[in-house]
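Enquirer: quick one, fold the following:
(chains A and B)
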Number of protein chains: 2
Amino acid sequence: MADSKPLLSLDGDPAAAEALLQDVFGIVVDEVIRKGTSASEKVCEWKEPEELKQLLDLELRSEGESQEQILERCRAVIRYSVKTCHPRFFNQLFSGLDPHALAGRIVTESLNTSQYTYEIAPVFVLMEEEVLKKLRALVGWSSGDGVFCPGGSISNMYAMNLARYQRYPDCKQRGLRALPPLALFTSKECHYSIKKGAAFLGLGTDSVRIVQADERGKMIPEDLEQQIRLAEAEGAVPFLVSATSGTTVLGAFDPLEAIADVCQRHGLWLHVDAAWGGSVLLSQTHRHLLDGIQRADSVAWNPHKLLSVGLQCSALLLRDTSQDKFYDVTLDTGDKVVQCGRRVDCLKLWLMWKAQGGQGLERRVDQAFALARYLAEELKKREGFELVMEPEFVNVCFWFVPPSLRGKKGSPDYNERLAKVAPILKESMVKKGSMMIGYQPHGTRGNFFRMVVANPALTRVDMDFLLNELEQLGQDL
Amino acid sequence: MADSKPLLSLDGDPAAAEALLQDVFGIVVDEVIRKGTSASEKVCEWKEPEELKQLLDLELRSEGESQEQILERCRAVIRYSVKTCHPRFFNQLFSGLDPHALAGRIVTESLNTSQYTYEIAPVFVLMEEEVLKKLRALVGWSSGDGVFCPGGSISNMYAMNLARYQRYPDCKQRGLRALPPLALFTSKECHYSIKKGAAFLGLGTDSVRIVQADERGKMIPEDLEQQIRLAEAEGAVPFLVSATSGTTVLGAFDPLEAIADVCQRHGLWLHVDAAWGGSVLLSQTHRHLLDGIQRADSVAWNPHKLLSVGLQCSALLLRDTSQDKFYDVTLDTGDKVVQCGRRVDCLKLWLMWKAQGGQGLERRVDQAFALARYLAEELKKREGFELVMEPEFVNVCFWFVPPSLRGKKGSPDYNERLAKVAPILKESMVKKGSMMIGYQPHGTRGNFFRMVVANPALTRVDMDFLLNELEQLGQDL
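Expert: Numbering: from 1, shown residues only, chains lettered A, B, ... in the order given. Predicted coordinates:
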């Protein structure tokens, strides 16, 4: 009878499962941990989508495959994937590979539980509480609440939902139609999740009032004040300001003290989207960039970015526990989130922190700042590189000006031609597999590179490589 | 200089990182893969929260720890965690350990990328598309769209948001205040995420109209019709029906054909929350339980439940691609979700499917049904067990009637005393570590056990064990 023996006899014969996992782990060590982090290997193996589809043979069929075929599939998946742990992957706000964090992720995956009750996740319910407490302490709070969310966008939405609920608890039951028109405020440099969130939460994107930013990308508090008055004059009820600590492109930090003053004056919920910049709180030297964050009502902070914890590790932190809760306060955290089952995201951060200590993590943040500074200085020494602005954080934004455009600034088509350079160089580097850096236009500025120093394994050698490689790729432009 | 050499020299010295990961992987194999799946080991090592806090030493300090300490921490985390892969873990709608899926999860974690652009996730953008296509084909759709979400609750919210957007595209910009009052319909057996979602999306829980279910937990289409008319009479605009395929407690399947008829008549979006029951579509024998699902507009399906893929793997599937999109259709999937960075959830399912084939997965589903049936029959043969109802799916709901209550049904305090039995037995089994089964009251019924057959490694031996163990634990009650 089919049901008299198990289909997967892990209990009776764990050897096969173990053997498979040992082989796969060996492939991961060889191809990701070793080659994937080696500067002498490619960061990516570019293929056009149609060719890659053929190479991967993605179709799911009725028949199963042999263990040898499965191992070959693992190798192919790794071969054609971008190595985000590579020392020349500068493309995103995350990169690098922390071995302790990866160890935590492997343990998490093997234990495969959900973060909702003490009964089925005793270790992780307590651990999440402790990790969130530590993050709150760095914000400057001795009490409060929080939760790990599936990404900063959803953390931001939670904050919007909480602020709305605090002002109008009725909303939960009766919905937005029972409320006056609401208005929230954020700068034009904010993450796009604020508008997405306003749409998803039923507020509508029109409820998001855009506040001007200065030329460094920081919100202008005087304009915030003005926008609040304007919204009120139009009959809307301001309820939330979302400030940003570490904007996506420029890495700008909004002036939180001045913004908190405005919020206090108008009785508004202050949310700080510190998804990118939150980890700076670990550094005694640089945490002044977030001065005033302790006055926020909520903070979104993604340790999976600058701390290389691994996707995803995104905390929403709340200052106050004294207000009426929209959920029951117990050790069973299932009731405080809009998710039901929820992945365990605390172990990888906890284990890394235990291994490195706060000191080790602080050094990591300080080193990222120092390397970004080094890159900016080296860049200024070379012909053909132009900083968009002096970096304040670990985003270094710059143009590569190719030989044919040097000395021609101000000529009629200069900006147009310069904007075409980054896409061409990006294509070259990706097809060569030598490195990956992102670029984008920004406001009236044409395409420029945004270099991100996040990988803890980076050294000055990698910064020099970046500059040399761009010079070489662009020498005939 | 601190910034002249890397803090984590994986490139220059990968040996230390490798050694750590090898050791941790060895611990995972010994403690989770081998012992965690062995019936002769405990399923959990129960500790009270305060004692567990002491044992774990959770505090995050300034100083780092040695590699040996870190390994001991991994051992402790595993020791005190519930073994959801254990053959006596019957507590949740997920359980078991599929080695191919775990292999896929380890590769996913090592590659650590985000699912948003072809540039940084070429393999996974194509793979997700292929896996979703396969899931849609099983629903009965040759085209359509979809996305993996962080859990079924968020999948359900997406569906609500899409249905609202389709009816009133204006909502995205202008918000719910620009719309008439909306109404959505679901049965009283639905998952609580529907109400949570209505609150989060700004609709308010009042917008959720509860439809009656029959005594097996299935939505009554005639009452749906009635509720729609009632809502309309009250001035609300019906826009969505959320049917359930596989309810949480009873495992009931709503009659989709009849519900689709109602939706068609009233022009309503039909969403099917098949988070639990969707995997039944793999079985030629049992897929009739979802007849009519091809008429839905959207389907939520969590392969991390019955298919043991690992948390989380939750697909939202959409029938139609012809309507105006609320996002740009390209290979860069970042624009179609409310998340920004998004974990890769497709590889584990893809790799498992490649290894098992559709046939293997079908056998797994059929075996779960057969074992649930076996358990129900065995249970009827024994004194002291009473089925709540004949199982239609793999949820087997029953009371254990202890010796002191046998033959006393109908006596004044019978129900009250019976309701106390499950909590007592649960405490005993957890403290002993012998097994874990969930219980809950339901409607007018007092606490009963809900046995879930999901682990593919289960056999009749485990079913017999469950009955014997309850008899033994309850012999003195």
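Enquirer: hey, where'd the helices end up in chain A?
Expert: For chain A, the helices defined by DSSP state H occupy A:14-28, A:49-56, A:67-79, A:99-111, A:122-139, A:152-167, A:171-174, A:193-200, A:221-233, A:256-266, A:347-381, A:414-419, A:421-432, A:460-473.
Enquirer: need the winner for burial among those.
Expert: helix A:99-111 (a mean of 26; mean count of other C-beta atoms under 10 Å in any protein chain shown). Every residue, glycine included, has its C-beta placed from N, CA and C.
Enquirer: output the helices of chain A as TSV; include the columns distance to A:Pro403 and mean pLDDT.
Expert: Shown next, in TSV, are those (distance: least, C-beta to C-beta, whole Å; pLDDT from 0 to 100):
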stretch	distance to A:Pro403	mean pLDDT
helix A:14-28	43	92
helix A:49-56	33	97
helix A:67-79	36	97
helix A:99-111	42	97
helix A:122-139	47	98
helix A:152-167	40	96
helix A:171-174	60	96
helix A:193-200	40	95
helix A:221-233	41	98
helix A:256-266	43	98
helix A:347-381	17	97
helix A:414-419	12	96
helix A:421-432	11	98
helix A:460-473	10	98
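Enquirer: could I get those in TSV, plus columns for distance to chain B?
Expert: Formatted as TSV, these follow (distance: least, C-beta to the nearest C-beta, whole Å):
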stretch	distance to chain B
helix A:14-28	4
helix A:49-56	6
helix A:67-79	5
helix A:99-111	4
helix A:122-139	4
helix A:152-167	5
helix A:171-174	5
helix A:193-200	5
helix A:221-233	14
helix A:256-266	21
helix A:347-381	4
helix A:414-419	19
helix A:421-432	7
helix A:460-473	6
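Enquirer: who does the nearest residue to A:Leu290 once chain neighbours are set aside bridge with?
Expert: Nearest residue to A:Leu290 in three dimensions, chain neighbours excluded: A:Ser245, at 5.2 Å (C-beta to C-beta, 6 or more residues apart in numbering or on different chains). With DSSP bridges as the criterion, A:Ser245 is bridged to A:Phe253.
Enquirer: I'd like to know how many residues surround A:Ser245.
Expert: A:Ser245 sits with 28 neighbouring residues when counted by other C-beta atoms under 10 Å in any protein chain shown.
Enquirer: from A:Glu215, how far off is it?
Expert: 18 Å (C-beta to C-beta, to the nearest Å).
Enquirer: what's the answer for A:Ser114, then?
Expert: A:Ser114 is 47 Å from A:Glu215, by C-beta to C-beta.
Enquirer: with A:Leu138 instead?
Expert: 30 Å.
Enquirer: can you pull the contacts of A:Ser209?
Expert: In this structure residue A:209 is Arg, not Ser. Going by C-beta atoms under 8 Å, 6 or more residues apart in numbering or on different chains, A:Arg209 touches A:Ala183, A:Leu184, A:Phe185, A:Thr186, A:Gln227, A:Leu230, A:Ala231.
Enquirer: from those residues, which two are the most distant?
Expert: Among the contacts of A:Arg209, the pair separated by the greatest distance (C-beta to C-beta) is A:Thr186 and A:Leu230, at 14.7 Å.
Enquirer: A:Phe398 contacts A:Arg445, doesn't it?
Expert: No - using C-beta atoms under 8 Å, A:Phe398 is not in contact with A:Arg445; the gap is 11.1 Å.
Enquirer: neighbour-wise, which of those two wins?
Expert: A:Phe398 (24 against 15).
Enquirer: who's the more buried one bridged to?
Expert: A:Leu387, A:Phe449.
Enquirer: mind listing what A:Thr247 touches?
Expert: Contacts of A:Thr247 by C-beta under 8 Å, 6+ apart are A:Glu189, A:Cys190, A:His191, A:Gly217, A:Trp276.
Enquirer: quick check: it vs A:Gly217, distance?
Expert: 5 Å.
Enquirer: ok, A:Val461 - contacts?
Expert: A:Val461 neighbours (C-beta under 8 Å, 6+ apart): A:Ala39.
Enquirer: and the gap between it and B:Asp57?
Expert: Distance from A:Val461 to B:Asp57, by C-beta to C-beta: 39 Å.
Enquirer: please name the nearest non-neighbouring residue to the spatially most central residue of chain A.
Expert: Centroid-nearest residue in chain A: A:Lys305, 4.5 Å away (criterion: C-alpha atoms, centre = their mean). Spatial nearest neighbour of A:Lys305, chain neighbours left out: A:Leu93 (4.6 Å); criterion: C-beta to C-beta, 6+ apart.
Enquirer: again, but for A:Ser279
Expert: Per C-beta to C-beta, 6+ apart, closest to A:Ser279 is A:Leu306, 3.9 Å.
Enquirer: find the residues that touch each one of A:Thr247 and A:Gly217.
Expert: By C-beta under 8 Å, 6+ apart, the residues touching both A:Thr247 and A:Gly217 are A:Glu189.
Enquirer: and A:Val28, what is it in contact with?
Expert: A:Ile78, B:Ile106, B:Val107, B:Ser110.
Enquirer: now those residues as JSON lines including distance to B:Val280?
Expert: Output for the contacts of A:Val28, formatted as JSON lines (distance: C-beta to C-beta, whole Å):
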{"residue": "A:Ile78", "distance to B:Val280": "33"}
{"residue": "B:Ile106", "distance to B:Val280": "28"}
{"residue": "B:Val107", "distance to B:Val280": "28"}
{"residue": "B:Ser110", "distance to B:Val280": "33"}
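Enquirer: farthest-separated two in these?
Expert: Spanning the widest gap among those are A:Ile78 and B:Ile106, at 11.1 Å by C-beta to C-beta.
Enquirer: picking that back up, quick one, which of A:Ser114 and A:Glu215 is more surrounded?
Expert: In this view A:Ser114 and A:Glu215 are compared by other C-beta under 10 Å, and A:Ser114 has more residues nearby, 23 against 9.
Enquirer: was I right to think that one contacts A:Gly341?
Expert: Yes - checked against C-beta under 8 Å, the pair A:Ser114 and A:Gly341 is within contact range at 4.2 Å.
Enquirer: quickly list what's touching both of those two.
Expert: Common neighbours of A:Ser114 and A:Gly341 (C-beta under 8 Å, 6+ apart) are B:Phe94, B:Leu311.
Enquirer: now whatever residue of the stretch 51-200 of chain A ends up closest to chain B: how far from B:Leu201?
Expert: Going by C-beta to the nearest C-beta, chain B is nearest to A:Gly175 of the stretch 51-200 of chain A, at 2.7 Å. Noted for A:Gly175: a distance of 9 Å to B:Leu201, by C-beta to C-beta.
Enquirer: compare those two (neighbour count), which wins?
Expert: Between A:Gly175 and B:Leu201, counting by other C-beta under 10 Å, B:Leu201 is the more crowded of the two (26 against 23).
Enquirer: go ahead and confirm that one touches B:Asn156.
Expert: No - judged on C-beta under 8 Å, B:Leu201 makes no contact with B:Asn156 at a distance of 10.3 Å.
Enquirer: about what we covered before: from the contacts of A:Arg209, pick the one nearest A:Val237.
Expert: Using C-beta to C-beta, A:Ala183 comes nearest to A:Val237 of the contacts of A:Arg209, at 6.6 Å.
Enquirer: what is the neighbour count of the closest one?
Expert: Using other C-beta under 10 Å: A:Ala183 sits among 23 other residues.
Enquirer: quick one on the thing from earlier: common neighbours of A:Gly175 and B:Leu201, please.
Expert: A:Gly202.
Enquirer: quick check on A:Val344: phi, psi?
Expert: Dihedral angles of A:Val344 (phi, psi; degrees, to the nearest 10) stand at phi -90, psi 110.
Enquirer: spatially nearest residue to the residue of the stretch 51-200 of chain A closest to chain B, not counting backbone neighbours?
Expert: B:Gly204 (2.7 Å).
Enquirer: quick one: neighbours of that neighbour, just the number.
Expert: Using other C-beta under 10 Å, B:Gly204 has 24 neighbouring residues.
Enquirer: also the one 10 residues further on?
Expert: Neighbour count for B:Asp214, taken as other C-beta under 10 Å: 13.
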